[in-house]
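Novice: My questions are about this predicted structure, shown below with the sequence.
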Amino acid sequence: MPCIAVCPGSFDPLTNGHLDIIIRGAKIFDEIYVSVLNNSTKTPLFTVEERLRLIREVTKDIPNVKVDAFDGLLVDYAKRVNANSIIRGLRAVSDFEYEMQNASMNRVLDNDVETFFIMTNNQYSFLSSSIVKEVAKYGGDIHELVPPIVAKELKQKFAFRKK
Ligand code: PNS
């Protein structure tokens, strides 16, 4: 039976920290679904379609990565795609409480789905989509923080907004 994992998130937008977790996860699991939460309560910078396109472009050379969107409960989605694992990146102790709460709730909801944490590479331990958007908004250099296509589209978003 193939070992299939879901790597869920908002990915608004994908950062080099996310990509690092996806690449490392893809070496461990047979197949990974990078799955964008379609969450109507947040106001994202990138639409779900834009986020999917960017992730697809950046991960196109990783054969065992699939890119998808979901809504509703993560464990229900995992069941639908035959995944028995969830991958999350852990950057720092500050992530731990939130991640433990989510992992515990997911276990209560479905004891067959296991959450695995991958420690973020030190060079990305400070990195988040929010901080990247903040820097990009004020014209800071983001080229080491996100894949080139994401940097380009972030710049376009904020250039457009200034007009
Ligand atoms: O990138 P994020 O925003 O930290 O990702 C959070 C995510 C998508 C993993 C989390 O919000 C989630 O799983 N949402 C789906 C709804 C759900 O299953 N909630 C109950 C357990 S957390």
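Specialist: In hand now; what should we look at?
Novice: Near the ligand, which residues of the chain? Just list them.
Specialist: Within the chain, the positions near the ligand by CB under 6 Å from any ligand atom are 8, 9, 10, 37, 73, 74, 102, 105, 106. Placement of C-beta: from N, CA and C, glycine included.
Novice: Among those, which are located in strands?
Specialist: 8, 9, 37 (DSSP state E).
Novice: Let's have these in JSON lines, adding distance to residue 57.
Specialist: As requested, these are exported to JSON lines (distance: CB to CB, whole Å):
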{"residue": "8", "distance to residue 57": "19"}
{"residue": "9", "distance to residue 57": "17"}
{"residue": "37", "distance to residue 57": "19"}
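Novice: out of those residues, which are buried?
Specialist: 8, 9, 37 (16 or more other CB atoms under 10 Å).
Novice: which among those gets closest to residue 30?
Specialist: residue 8 (17.7 Å; CB to CB).
Novice: Now do the same contact list for the closest residue to that closest one other than its chain neighbours.
Specialist: Residue nearest to residue 8 in three dimensions, not counting chain neighbours: residue 35, with 4.8 Å by CB to CB, 6 or more residues apart in numbering. Counting by CB atoms under 8 Å, 6 or more residues apart in numbering, residue 35 makes contact with 6, 7, 8, 9, 67, 68, 69, 70, 77.
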